[in-house]
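J.: What follows is a predicted structure for the sequence shown.
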Amino acid sequence: MKYRFFTRIYAVLAILFLLSVMAQFVFAGMAVFISPLHWQEHTFFIHLFGFNVPLLMIVLALLGKLPGWAYWQLFGIMSLVFVMYFSANMSGKLPLLAAMHPVIGTGLLLVAYWKVIKLYHYMKKEQTQ
């Protein structure tokens with residue numbers, strides 16, 4: 001009960017992360033369908049939230065004493081972000097891996113969404129206890 005504040009901040013960051021991943025799809029779409037100049041937004045935006053938000057979430061998960069699944073999901077998110085960085089920078093050497101960049105991004109979107117849903121159910125359950 002006394003850790004609820006940290007859990008709420010964690011939830012805000014989880015939603016922020018999900019919205020940021022969704023924005024990345026919009027920026028990439030703008031770069032492909034409107035103007036290649038939008039790639040700059042796509043690459044800049046990831047540096048704002050890619051590892052920063054999940055690192056803050058780890059701290060909040062510890063302070064909020066969240067269950068083990070929260071850490072595993074964060075590990076999955078951080079692993080996928082790392083693979084996203086790797087795939088984006090390997091287009092010259094491993095073009096097939098670079099082509100997987102949007103597929104990996106879709107996986108990241110699904111994990112971020114799953115995290116928000118699971119967290120919602122956890123907070124709802126904690127509220128009734």
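T.: Structure's in. What do you need? Numbers count the residues shown, from 1 in each chain.
J.: For the most centrally placed residue in the chain, which non-adjacent residue is closest in space?
T.: Closest to where the C-alpha atoms of the chain average out (C-alpha atoms, centre = their mean) is Phe17, at 4.7 Å. When the adjacent residues along the chain are set aside, Phe17 lies closest to Val53, with 4.8 Å between them (C-beta to C-beta, 6 or more residues apart in numbering). In short, each C-beta sits where N, CA and C put it, glycine included.
J.: Same check on Ala23?
T.: Nearest to Ala23 is Phe45, by C-beta to C-beta, 6+ apart, at 6.5 Å.
J.: show me where pLDDT drops low in this protein?
T.: 1-2 (pLDDT under 70).
J.: Now do the helices in it.
T.: In the chain, the segments counted as helices under DSSP state H are 4-33, 39-49, 52-63, 68-88, 95-99, 101-128.
J.: So which elements touch the longest one?
T.: Yep, that's helix 4-33 we're talking about. helix 39-49, helix 52-63, helix 101-128 (3 or more C-beta pairs under 8 Å, 6 or more residues apart in numbering; DSSP states H and E).
J.: do that again at 10 Å, thanks
T.: In this structure, helix 4-33 packs against helix 39-49, helix 52-63, helix 68-88, helix 101-128, with contacts taken as 3 or more C-beta pairs under 10 Å, 6 or more residues apart in numbering; DSSP states H and E.
J.: Could you pull up the residues touching the residue nearest to Leu80 when sequence neighbours are not counted?
T.: Excluding its sequence neighbours, the residue lying closest to Leu80 (C-beta to C-beta, 6+ apart) is Leu108, at 4.4 Å. If you count contacts by C-beta atoms under 10 Å, 6 or more residues apart in numbering, Leu108 has them with Phe17, Leu18, Val21, Gln24, Gly50, Gly76, Ile77, Ser79, Leu80, Val81, Val83, Met84.
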